[in-house]
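Engineer: Give me a 3D structure for the following:
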Amino acid sequence: MIRRTALFSLLSFFLLTLPSSVLAKGDTRPPNIVVIFIDDMGYADIGPFGAKGYETPHLDRMAKEGRIFTDFHSATAVCSASRAALLTGCYPERISIRGALPPSAKHGLNPDETTIAELCKQQGYATAVYGKWHLGHLQPFLPLQHGFDEYFGLPYSNDMWPQPDVQGDPVPKGRLRYPNLPLYEGDRIVSEEVTAEDQAQLTTWYTERAVHFIDRNSERPFFLYLPHTMVHVPIFVSSKFKGKSEQGLYGDVVMELDWSVGQVLEALKRNGIDDQTLVVFTSDNGPWLNYGNHAGSAEPLREGKGTMFEGGYREPCVMRWPKKIPAGTKCDEFATTMDLLPTIAKLIGGKLSTDRPIDGKDIWPLMAGEADAKSPYDAFFCYYSGELRAVRDRRWKLHFPHRYRTLAGKKPGQDGYRVSYSHTKIGHELFDLKNDVGETTNVADAHPEIVARLKKQAEQMRGELGDRLTKRTGSQVRPAGALE
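Structural biologist: Predicted coordinates for the structure are as follows:
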């Protein structure tokens with residue numbers, strides 16, 4: 001009886017702190033949160049965004065029952081940095097997590113940063129992550145030290161192992177420096193050498209854990225973070241979907257990820273908590289284009305992973321919450337993964353720290369489809385590994401002079417083989433994203449006042465977060481976590 005009374009009091013407190021727009025129609029507890037985060041998925045890789053040669057029925061259903069976001073972005077176009085931004089609501093440069101941390105890294109996400117998991121845990125939530133972490137593989141930086149009750153998965157990218165991209169081929173020379181790829185359960189390594197056969201089971205293993213977590217926690221609020229290893233190369237698929245797609249192995253892999261989404265949605269329905277759960281599906285960055293048919297498509301966007309053209313960091317995004325998010329709708333306003341933390345804080349009554357500023361915005365009005373809701377961003381700063389490469393607002397995007405990688409018309413690799421990128425430069429170029437989403441036509445000369453405004457906003461941010469391109473050091477950069 002004491003436990004039931006305590007639980008009732010805790011839920012009553014949550015409900016008093018939730019916004020009235022979310023409390024409507026007899027809610028009885030704060031919402032569950034599920035974030036499904038795909039690795040290296042292209043903008044056009046799922047049915048609601050135009051996928052070809054394979055079907056994604058569960059994501060199609062999720063879009064019909066929810067809302068797609070056509071101008072939704074990761075904070076940057078590379079693994080560790082984009083994951084840090086998602087979980088903390090900060091530009092990666094603010095919290096000093098840049099690039100993709102290698103197995104030799106001695107640093108990770110600073111324990112002083114507040115993650116979505118910690119925010120939820122403060123409100124009595126169960127929390128779990130199943131999948132790729134990539135924010136530090138040493139014990140002080142693992143998920144259990146950042147607010148998660150449970151963790152199962154890989155500590156970093158699945159290509160960071162001494163194995164070939166294509167089975168039977170020699171190991172690439174640079175890959176030989178990597179140790180064996182470990183599999184973690186909590187803070188413990190449960191398999192010291194992940195094999196190709198294991199990789200083919202990762203999507204299934206993560207999904208089974210996710211479903212079991214939902215079943216075990218259906219009577220309390222929970223946060224489930226499901227950052228899949230796929231479709232990062234080397235790509236693998238289980239026998240359930242092998243050979244099922246007209247697009248070959250890549251299509252098979254996406255179909256299995258879609259199956260995973262379906263399993264999560266079915267678990268929510270089976271447990272009677274469908275209407276009490278916000279589900280967000282998106283990706284960490286765009287496709288690794290030089291792998292060709294083992295990479296996705298960013299069409300109609302320019303370039304892919306590793307660049308700050310739209311193909312590098314604009315992601316497919318679907319959000320679903322029956323009776324809260326309008327079904328079968330579309331949002332064309334600009335938003336980012338950094339916005340999930342402050343929006344979730346609003347939804348669950350969480351309190352954000354005032355002494356460690358974040359960059360994300362509350363986008364609940366966009367999610368809820370409120371009339372005339374607009375993006376809360378005056379400007380978004382396109383950083384990549386410490387370089388401020390571009391700045392954009394809801395319509396305009398100004399690139400600063402920088403070097404970037406591109407295929408430059410070369411035929412990409414096939415069947416697990418890659419070709420080398422070329423490198424070229426872009427100058428000060430302005431694009432009208434509302435009319436030229438592919439960033440094909442420089443209109444800087446026709447709009448000098450917009451160029452001047454965006455340059456001024458960029459200069460202000462350089463003072464705050466720095467910029468390697470202009471050799472600036474930011475005044476509000478916080479350190480990553482480091483071993484003492």
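Engineer: And Q414, how far from I116?
Structural biologist: Computed with C-beta to C-beta, to the nearest Å, the distance linking Q414 and I116 is 38 Å. Heads up, the C-betas are built off the backbone N, CA and C, glycines and all.
Engineer: Can you show me the helices along the stretch 1-150 of the chain?
Structural biologist: In the stretch 1-150 of the chain, the segments counted as helices under DSSP state H, counting those that start in this stretch are 2-17, 20-23, 57-64, 79-88, 92-95, 116-122.
Engineer: re earlier: give me the more crowded residue out of Q414 and I116.
Structural biologist: Using other C-beta atoms under 10 Å, the more surrounded residue of Q414 and I116 is I116, with 27 against 13.
Engineer: Hmm, I33 and that one touching each other?
Structural biologist: Yes - I116 is within contact range of I33, at 7.5 Å (criterion: C-beta atoms under 8 Å).
Engineer: ok, and the closest non-adjacent residue to the residue nearest in space to the middle of the chain?
Structural biologist: Centroid check for the chain by C-alpha atoms, centre = their mean gives D284 as the closest residue, at 3.5 Å. Among residues not flanking D284 along the chain, S82 sits closest, at 4.2 Å (C-beta to C-beta, 6 or more residues apart in numbering).
Engineer: What is the neighbour count of that neighbour?
Structural biologist: By other C-beta under 10 Å, 28 other residues sit near S82.
Engineer: Quick check: it vs E315, distance?
Structural biologist: Per C-beta to C-beta, S82 is found 9 Å from E315.
Engineer: Which neighbours do the two have in common?
Structural biologist: S74, D284, N285, T337 (C-beta atoms under 8 Å, 6 or more residues apart in numbering).
Engineer: Find the pair from those with maximum spatial separation.
Structural biologist: For those, the farthest-apart pair by C-beta to C-beta is N285 and T337; their separation is 10.2 Å.
Engineer: Just want to know which of those two has more residues nearby.
Structural biologist: When neighbours are counted by other C-beta under 10 Å, N285 and T337 differ, and N285 comes out ahead with 31 against 27.
Engineer: in which helix or strand would I find that one?
Structural biologist: Assigned by DSSP states H and E, N285 falls within no helix or strand.
Engineer: Excluding covalently adjacent residues, which one is nearest to it?
Structural biologist: For N285, ignoring the flanking residues on the chain, the nearest one in space by C-beta to C-beta, 6+ apart is A77 at 4.4 Å.
Engineer: what's that neighbour in contact with, if anything?
Structural biologist: Residues counted as contacts of A77 (C-beta under 8 Å, 6+ apart) are N285, G286, G304, K305, G306, T307, M308, G312, Y313, Y384.
Engineer: What of D274?
Structural biologist: D274 sits next to L265, L268, P322 when contact means C-beta under 8 Å, 6+ apart.
Engineer: burial of the residue nearest to the first one when sequence neighbours are not counted, as a residue count?
Structural biologist: Ranked by C-beta to C-beta, 6+ apart and with sequence neighbours excluded, the top spatial neighbour of L265 is H58, at 6.4 Å. Neighbourhood size, H58 [other C-beta under 10 Å]: 22.
Engineer: and the gap between H58 and Q414?
Structural biologist: On the measure of C-beta to C-beta, H58 and Q414 end up 29 Å apart.
Engineer: same thing with E193?
Structural biologist: 28 Å.
Engineer: Next: P322.
Structural biologist: Taking C-beta to C-beta, one finds P322 at 42 Å from Q414.
Engineer: Touching, K330 and T70? I think so.
Structural biologist: Yes - taking C-beta under 8 Å as the definition, K330 is a contact partner of T70 at 6.3 Å.
Engineer: Of the contacts of D274, which is the most crowded?
Structural biologist: Among the contacts of D274, L268 has the most neighbours (other C-beta under 10 Å), with 23 neighbours.
Engineer: With adjacent residues omitted, what lies nearest to that residue?
Structural biologist: D274 (4.7 Å).
Engineer: Need the pLDDT of that neighbour.
Structural biologist: Looking at D274, its pLDDT stands at 97.
Engineer: cool, V190 as well?
Structural biologist: V190 is assigned a pLDDT of 98 by the prediction.
Engineer: Which phi and psi values does it adopt?
Structural biologist: Note on V190: its backbone torsions stand at phi -100, psi -20 [degrees, to the nearest 10].
Engineer: that older thread, for the residue nearest to L265, give its distance to G328.
Structural biologist: 16 Å.
Engineer: Buried residues, stretch 462-479. List them.
Structural biologist: Neighbour counts over stretch 462-479 (16 or more other C-beta atoms under 10 Å) mark R462, E464, L465, G466, D467, R468, L469, R472, G474, V477, R478 as buried.
Engineer: Test my guess that the last one contacts R356.
Structural biologist: So that's R478. Yes - in this structure, R478 is within contact of R356 by C-beta under 8 Å, at 7.1 Å.
Engineer: Check the contact lists of these two and give me the overlap.
Structural biologist: Contact criterion C-beta under 8 Å, 6+ apart; residues shared by R478 and R356: D112, E113.
Engineer: Quick check: can you list the domain ranges of the chain?
Structural biologist: Per the record's domain assignment (automatic domain parsing), the chain is made up of the domains 1-29, 31-378, 381-482.
Engineer: just those: most buried one?
Structural biologist: Ranked by mean neighbour count under mean count of other C-beta atoms under 10 Å, these are led by domain 31-378, which reaches a mean of 21.
Engineer: Run the chain-centre distance for it.
Structural biologist: Offset of domain 31-378 from its chain centre (C-alpha atoms, centre = their mean, to the nearest Å): 5 Å.
Engineer: next one: stretch 408-424
Structural biologist: Chain-centre distance of stretch 408-424: 25 Å, with C-alpha atoms, centre = their mean.
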